[in-house]
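A.B. asks: quick one: sequence and predicted model below, then my questions.
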Amino acid sequence: MNQKIFIKTFGCQMNEYDSNRIYDAVKKIGYHKTENYEDANCYLLNTCHIRDKAKEKVYHEIGRVKKKFRSKQKPLVIIAGCVAQAENQEMLKREPYIDLVIGPQSYHKINDTILNHIKDKKKIEEIEFDTISKFEYLKKIKNDTRGISSYLTIQEGCDKFCHFCVVPYTRGPEYSRPFKQILDEAKHLVNNGAKEIILLGQNVNAYNYEGFKLSKLLLEIEKFSGLDRIRYTTSHPKDMTEDLIEVYKFSKKLMPLVHLPVQSGSNKILKLMNRKHTISEYYKIFDKFKKINPNIEFSSDFIIGYPEENDQDFAETLNLVKNVGFINSFSFVFSPRPGTVAADLELIDKKISMERLELIQNQLFNNQTKMNKSLENKTINVLVENLTDDKTQVFGRSEYMTSVIFNGKKEDIGKILPVRIIKSNRSTLFGEVINNSNQKVA
Ligand code: SAM
Ligand code: SF4
Ligand code: F3S
């Protein structure tokens, strides 16, 4: 078979990793990646269920595909990801254009599912939580992603059951991949040219494989020559243990940005959310990191307008944002998700939620702008990832994940270069490369 597959990915980095691995898998049965969906023989939507309208977005996308393929042969249409897991059979019933529905822990079955469908035209849904088999299978088909910065999923699922969140239902229970399996995949990525590896998990710092924790994994990956930077996301405050914090004392490759979602600055709201941590515990973690290295910065996710959030609770969140000085953070208004504990709670006034969202985003944007401004006229290390779209400059990332654009060339891709920052805005730094390697780096 020589067929083309197009994957559209929504949601978190774990979905991006999964989409890449699906490309690796379907190659074995003759499907090759296309960037143009109108060319595709197979159209796969890798979906996210985290906030509202997730389901509607899927039907909307399918409507668009239907229209485009009206006068052409219909592609094989597959719905994967977290909406597939949550909705399963419902989708096949509601939209006959969909052929297959595959949940996130069943990707190892994708080739058989496609081949069976081609043979007998039966609509199939695969939604078992079979994470062990999935990674055993993925281990055999090499990770062929070739990015300067590459994702590597080390942990899946969640046992924490925050009252607002669908992840425990869509990704299943917490599972840590075998230690050696991860090291082998990391080595392979480095051999393929990765200079940065971003370890992923819905609760990445809960990683624990037969007593081997994330701290141990980081120290092992640190030893790989050719690899320059390591990051991990997303962490939970409850799992931010001493051994992990200690790694920052020794590591030369771990980047000084800790993504540690706090969700709210109010203890009352944290309790209602079933977050299992308090604000003072969060500050203690913050202080420990700052003591090791004052240049470590924090980023977070925030849920605004959670049921029962009053002005005082919101003021506490705003206060936390100012005190910690979070950069690069995400904030969304609470969205009730079916099947979760918070699904049927009484919502607060929408207008108030929107006003609070605006206030918090302004504060977060201020923090970011201030941070970027402070780098002007300083020299920072930038890992070059690619040429800019117009190919006249290069694009890279600072140690804090901020985009940097400067006057590099194609040969610079994959290198870490000292760049003097000339100007900045909220999301991007603009600079010029410094040729003098003795230049002091901020
Ligand atoms: N495991 C991570 C943690 O504990 O913070 C978060 C993973 S979740 C995929 C990413 C983010 O989505 C959460 O941090 C939260 O801010 C947001 N989120 C989850 N459920 C939400 C909801 N019902 N409404 C709004 N935002 C939500
Ligand atoms: Fe969702 Fe909470 Fe689990 Fe994070 S820890 S994935 S927010 S249930
Ligand atoms: Fe979305 Fe599933 Fe990730 S719900 S955020 S794609 S774990």
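C.D. replies: Perfect, thanks for sending it. Numbering: from 1, shown residues only. Ligands and ions are numbered 1, 2, ... in the order given.

A.B. asks: which part of the stretch 51-200 of the chain gets nearest to ligand 3, residue-wise?
C.D. replies: Of all residues in the stretch 51-200 of the chain, Cys82 sits closest to ligand 3, with a separation of 3.3 Å (CB to the nearest ligand atom). In this view, the C-beta of every residue, glycine as well, is placed from N, C-alpha and C.

A.B. asks: quick one, what contacts that residue?
C.D. replies: 11, 15, 47-50, 54, 104, 166-167, 170-171 (CB atoms under 8 Å, 6 or more residues apart in numbering).

A.B. asks: now do the buried residues in the helix or strand containing it.
C.D. replies: Using DSSP states H and E, Cys82 maps to helix 81-87. Judged by neighbour count using 16 or more other CB atoms under 10 Å, the buried positions of helix 81-87 are 81-87.

A.B. asks: give the buried residues for the helix or strand that contains Leu92.
C.D. replies: For Leu92, the host element (DSSP H and E) is helix 89-94. Neighbour counts over helix 89-94 (16+ other CB under 10 Å) mark 91-92 as buried.

A.B. asks: got a winner among the contacts of Cys82 for most neighbours?
C.D. replies: Thr170 (29 neighbours; other CB atoms under 10 Å).

A.B. asks: mind checking how far that residue is from Ser300?
C.D. replies: From Thr170 over to Ser300 the distance is 22 Å, taken as CB to CB, to the nearest Å.

A.B. asks: what does Asp184 give?
C.D. replies: Asp184 sits at a distance of 33 Å from Ser300 (criterion: CB to CB).

A.B. asks: over to Pro168?
C.D. replies: Pro168 is 20 Å from Ser300, by CB to CB.

A.B. asks: these two: which has the busier surroundings?
C.D. replies: When Pro168 and Ser300 are compared for neighbours, Ser300 comes out ahead with 23 against 18, by other CB under 10 Å.

A.B. asks: right, and the more buried one touches Ser329 too?
C.D. replies: Yes: the pair Ser300 and Ser329 passes the contact test of CB atoms under 8 Å, sitting 4.8 Å apart.

A.B. asks: quick check, Ile79 in a strand?
C.D. replies: Yes: under DSSP: H, G, I helix; E, B strand; the rest coil, Ile79 sits within a strand.

A.B. asks: which residues does it contact?
C.D. replies: 44-45, 47, 58, 91, 98, 100-102.

A.B. asks: buried residues in the helix ranked longest in the chain?
C.D. replies: For the chain, the longest helix by residue count, based on DSSP state H, is helix 350-374. Going by neighbour count (16+ other CB under 10 Å), the buried part of helix 350-374 is 353, 356-357, 359-361, 363-364, 367-368, 371-372.

A.B. asks: now render those residues as JSON lines, adding distance to Glu242.
C.D. replies: Formatted as JSON lines, these follow (distance: CB to CB, whole Å):
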{"residue": "Ser353", "distance to Glu242": "37"}
{"residue": "Arg356", "distance to Glu242": "35"}
{"residue": "Leu357", "distance to Glu242": "35"}
{"residue": "Leu359", "distance to Glu242": "35"}
{"residue": "Ile360", "distance to Glu242": "31"}
{"residue": "Gln361", "distance to Glu242": "34"}
{"residue": "Gln363", "distance to Glu242": "31"}
{"residue": "Leu364", "distance to Glu242": "29"}
{"residue": "Asn367", "distance to Glu242": "28"}
{"residue": "Gln368", "distance to Glu242": "30"}
{"residue": "Met371", "distance to Glu242": "28"}
{"residue": "Asn372", "distance to Glu242": "32"}
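
A.B. asks: show me which residues of the chain sit near ligand 2.
C.D. replies: 158, 160-162, 165, 167-168, 202-203, 236 (CB under 6 Å from any ligand atom).

A.B. asks: doesn't Ala80 make contact with Leu45?
C.D. replies: Yes: contact criterion CB under 8 Å: Leu45 and Ala80 qualify, at 6.9 Å.

A.B. asks: which of those two has more residues huddled nearby?
C.D. replies: Ala80 (26 against 23).

A.B. asks: check contacts around the more buried one.
C.D. replies: 18, 22, 44-47, 101-104, 107, 110.

A.B. asks: tell me the mean pLDDT for stretch 379-395?
C.D. replies: Average pLDDT, stretch 379-395: 96.

A.B. asks: ugh, wrong one, I meant stretch 140-156
C.D. replies: 94.

A.B. asks: buried residues in it?
C.D. replies: Across stretch 140-156, burial judged by 16+ other CB under 10 Å covers 143, 145, 147-156.

A.B. asks: also stretch 110-122?
C.D. replies: 110-111, 113-114, 117.

A.B. asks: quick check, nearest of these to ligand 1?
C.D. replies: For the buried residues of stretch 110-122, the nearest to ligand 1 is Ile110 (22.6 Å; CB to the nearest ligand atom).

A.B. asks: the residue lying closest to that closest one once chain neighbours are set aside and Lys284, how far apart?
C.D. replies: Leaving aside its sequence neighbours, Ile110 sits nearest to Ala25 (CB to CB, 6 or more residues apart in numbering; 5.5 Å). Separation of Ala25 from Lys284 (CB to CB): 43 Å.
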